[in-house]
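Asker: Make a model of this:
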Amino acid sequence: MPLAGAALAPVAAKRLGHNAAWPLSLFLLMPFFVFCGHVGFPVGSSISGGFAWIPTLGVDFTWRLDGLSLTFALLISGIGGLIVLYSGGYLKGHPGQGRFLAFILLFSAAMLGLVVSDSLLMLFVYWELTSITSFLLIGFDHGREHARRAAFQALLVTGGGGLCLLAGLLIVGQAAGTQGLGEAVRSVAAVGDHPLANAALVLVILGAFTKSAQFPFHFWLPNAMEAPTPVSAFLHSATMVKAGVYLLMRFHPLFGEFPLWQVVLPLFGGVTLVAGAALALRQTDLKLMLAYTTVASLGLLVMLTGIGHEKAIEAAVLYLIAHALFKGALFMIAGVIDHETGTRDITRLGGLGRAMPVTFVAALLAACSMGGLPLFVGFMAKEEIYGALAVTSLPFLAAFAGNAMMFAAGFAIAFRVFLGRKAETPKSAHDGPVLLMAGPAILALGGFVAAMMPGILHPAITSPMATAVAGYPVEVTIAAVPHISLPFLLSLLTVACGALVLIFLVPVRNAMARLLDAIGWGPDRGFDQVVAAVLRGAWRITRVLQPGRLEVYLTVIFAVVAASLLYPLVTRNELPAWPSFAALQVHEAAFILIAAIGLAAVLAAKSRLAAIVALGIQGFAVAVLYLLFGAPDLSFTQFMVETLSVVILALIMTRLRLDIHDHRGLGQKLLDGTIASACGLGFMLLLFRAVELPFNAELTRFFSDYSKTVAHGANVVNVIIVDFRGVDTLGEISVVTITGLAILALIRLRAAPSGRTVNDPDAGEGDRA
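Answerer: Residues are numbered from 1 along each chain as shown. Okay, the predicted model is just below:
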């Protein structure tokens, strides 16, 4: 349905304007309600379907819904429907709104395909589709250089990770003996015994880290905030960046017991968590603050997945759901503030609570969930996080520091923007229309409502999802009502530290700015340096391999051809025996002699035109030999080719200003002659060797048997060309056509004596002559 919606979006936007968002949102909300109908199936079970796509390779187009894929499908379709509505209000009057809505729906289709796919290769196909569609969305405002750079950067980083993922998936499929995703992740013993198991693990992690912006690949996500706010709210909080987390959760039953998994994920996840949360405090742009807290949240999810015991899995599941709700709401709120006030610089905002009461309430609810306050899903997640990490040291410290800083960032948006003295803004502040406000209000309120119904949330969503991630039955039981315990006390301490950071936010921001200035270099700058180095290297290699001289290209090509023909025959001792010419007829020898005379004429020719004409002598002699050996159709083709070649080359010689005589020196002539002789010798020896082998008549019988019955043609050669090899013939025709056009272009662009081309309308008759 999202694909159908994407096809209709441009037409709907043209006819209905921004109101097209209402019907187009149904293309995601209807799948959302379909997925809701599958909520509540027994923990650990799943439903699946599909069909054989490439049976000979064992590749199936299959899908499977379990607790993990169903939760993601609900988030993608539900939040996606709200984003479509939000886009209608946010881009009202924009000339590219139809294109934007089509891109959003295309991306939604790719994400849904990714999370429900039960095939390793189909998972990769949808993975790459998310990269391509996100490139289109990030670069939507392609008139701005920053948007183009951000889109290119995101595509390059995630595309490179995708190639790593492909290699990892191929290894996993080979080791498991299946291309089915569900079967592969259950093949723990088979994959674990494979010699490339650790290599597959690293490749899968690289794919996930690039997609989910883990250190040191975290830099592309904040830069992607160049995209319109609906993109930020959807791709970079609830969907695309969570694809990497989904991948790690999906493969956790397979790799979860690997020591490398248990070290790499907590280490890099913890670093990403702390770095992202600290960088968020440095920002003054609301979207960048939220972007860096998203980086931090993704790090937290990766760290919990890597720790991998039951409590950590429960915490990861709860936090993923909570994050999708509060971060999607806060991104949309940032867009509403920007849309209705004309700025999203937190230093230029304040006192908007009275002018934007609905926005303020939604922001406050989302911040409460983000800060982990009681009665919200975020509180439940934080309790489980501390319950899982209280017995560890470094992961706990990372989680504590990251949560405190994210608390400060979330409430900075809720308090500093809406409370205090009212600041003057470029536009008169007010709440947005329904299209803008529906999404953030529903998501912010959802974080509270879901927490108030743990008896529905856990059996329907969190327990099945945790079971799918863990690989064994897991029951989530935590409630949103606080009770005295170590995790609750740690939550209170987090709130206190976060409030302290919030109070001193400006000094903290300034301190972070000074620290970053002192460090100077960062991964973002490193990306530019790597790209620049690659381009410089490519330029230098190109200067060597492609100097712009045709004779160099031809010399290299024919030298490689000669080496490819002669080297295997000589090194493998497969030189053929010299054939006997006892059966050669006099008239056959005569035409061979004519061909040799033609060759001598080419070598002795004093002008290029004479050499071209002499070259045709050999071709006509060979054509007669074809005729004598019973191949009239091939002989006719050879006659036509030789005739046209001579005519076309002669025409070119008369139209292009080339030297009449060959001015190559003796050394160049010897080199060219040696290479030409080696090519001729190589082809001759190869043909002699081929005819020594027993003739395999299988293809002959095939074409004889089926040319008449299948292709309905009596001429076997014609049937082969136009039926059995029809696509190949079409390709040859295309090559000839393109070559002809290139020759025509060369002739038409010939420079006139005055420096103008022959088609210059200002050229005189003398110039054209």
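Asker: can you give me the helices in the stretch 551-700 of the chain?
Answerer: In the stretch 551-700 of the chain, helices defined by DSSP state H, counting those that start in this stretch lie at 586-604, 608-628, 632-655, 666-692, 698-709, listed in chain order.
Asker: Let's have those helices in CSV, adding mean pLDDT, distance to V434 and mean neighbour count.
Answerer: (Each C-beta comes from the backbone N, C-alpha and C, glycine too.) Supplementary listing: these in CSV, determined by pLDDT from 0 to 100; distance: least, CB to CB, whole Å; neighbours: other CB atoms under 10 Å:
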stretch, mean pLDDT, distance to V434, mean neighbour count
helix 586-604, 87, 82, 14
helix 608-628, 85, 77, 18
helix 632-655, 82, 69, 14
helix 666-692, 90, 75, 13
helix 698-709, 86, 66, 12
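Asker: quick one: average pLDDT of the strand or helix carrying L112?
Answerer: Assignment of secondary structure by DSSP states H and E places L112 within helix 97-116. In this model, helix 97-116 has an average pLDDT of 94.
Asker: and that helix, what does it pack onto?
Answerer: If contacts are counted by 3 or more CB pairs under 8 Å, 6 or more residues apart in numbering; DSSP states H and E, helix 97-116 sits against helix 2-16, helix 21-36, strand 59-65, helix 67-90, helix 120-138, helix 229-235, helix 240-255.
Asker: To L575, which of the helices of the stretch 551-700 of the chain lies closest?
Answerer: When these are ranked by distance to L575, counting by CB to CB, first place goes to helix 666-692 at 6.5 Å.
Asker: What is the distance between that closest one and the centre of its chain?
Answerer: Once both centres are worked out by CA atoms, centre = their mean, to the nearest Å, helix 666-692 turns out to sit 45 Å from its chain's centre.
Asker: Quick check: which helices or strands does it pack against?
Answerer: Contact analysis of helix 666-692 by 3+ CB pairs under 8 Å, 6+ apart lists helix 550-571 as its packing neighbours.
Asker: buried sites along the helix it packs on?
Answerer: Of the residues in helix 550-571, those with enough neighbours to count as buried (16 or more other CB atoms under 10 Å) are 562, 565-566, 569.
Asker: Most distant residue from the centre of the chain?
Answerer: The centre of the chain is farthest from one residue, V586, which by CA atoms, centre = their mean lies 65.5 Å away.
Asker: Any stretches of the stretch 151-300 of the chain with poor pLDDT?
Answerer: 237-238 (pLDDT under 70).
Asker: Dihedrals phi and psi, L373?
Answerer: When read as degrees, to the nearest 10, the backbone of L373 gives phi -80, psi 150.
Asker: Output the helix holding L112 as PDB, restricted to C-alpha atoms.
Answerer: Coordinates of each C-alpha in helix 97-116 appear next as PDB, following Å, rounded to 0.1, in the frame of the first residue of the first chain:
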ATOM      1  CA  GLN A  97       5.100  18.600  -1.800                       C
ATOM      2  CA  GLY A  98       3.900  15.800  -4.000                       C
ATOM      3  CA  ARG A  99       7.500  14.600  -4.600                       C
ATOM      4  CA  PHE A 100       8.200  14.800  -0.900                       C
ATOM      5  CA  LEU A 101       5.200  12.700   0.000                       C
ATOM      6  CA  ALA A 102       6.100  10.100  -2.600                       C
ATOM      7  CA  PHE A 103       9.600   9.800  -1.100                       C
ATOM      8  CA  ILE A 104       8.200   9.400   2.400                       C
ATOM      9  CA  LEU A 105       5.900   6.600   1.300                       C
ATOM     10  CA  LEU A 106       8.600   4.900  -0.700                       C
ATOM     11  CA  PHE A 107      10.900   5.000   2.300                       C
ATOM     12  CA  SER A 108       8.100   3.600   4.500                       C
ATOM     13  CA  ALA A 109       7.600   0.700   2.000                       C
ATOM     14  CA  ALA A 110      11.400   0.000   2.200                       C
ATOM     15  CA  MET A 111      11.400   0.000   6.000                       C
ATOM     16  CA  LEU A 112       8.400  -2.200   6.200                       C
ATOM     17  CA  GLY A 113      10.000  -4.700   3.800                       C
ATOM     18  CA  LEU A 114      13.200  -4.600   5.800                       C
ATOM     19  CA  VAL A 115      11.600  -5.500   9.100                       C
ATOM     20  CA  VAL A 116       9.300  -8.200   7.900                       C
END
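Asker: Tell me what angle that helix forms with helix 2-16.
Answerer: Between the axis of helix 97-116 and that of helix 2-16 there is an angle of 170 degrees, by axes from the mean of the first three to the mean of the last three CA atoms, to 10 degrees.
Asker: Flag the shaky bits of the stretch 301-450 of the chain, pLDDT-wise.
Answerer: If you take pLDDT under 70 as the line, the stretch 301-450 of the chain has these spans: 391-392.
Asker: Many thanks, I have nothing further to ask.
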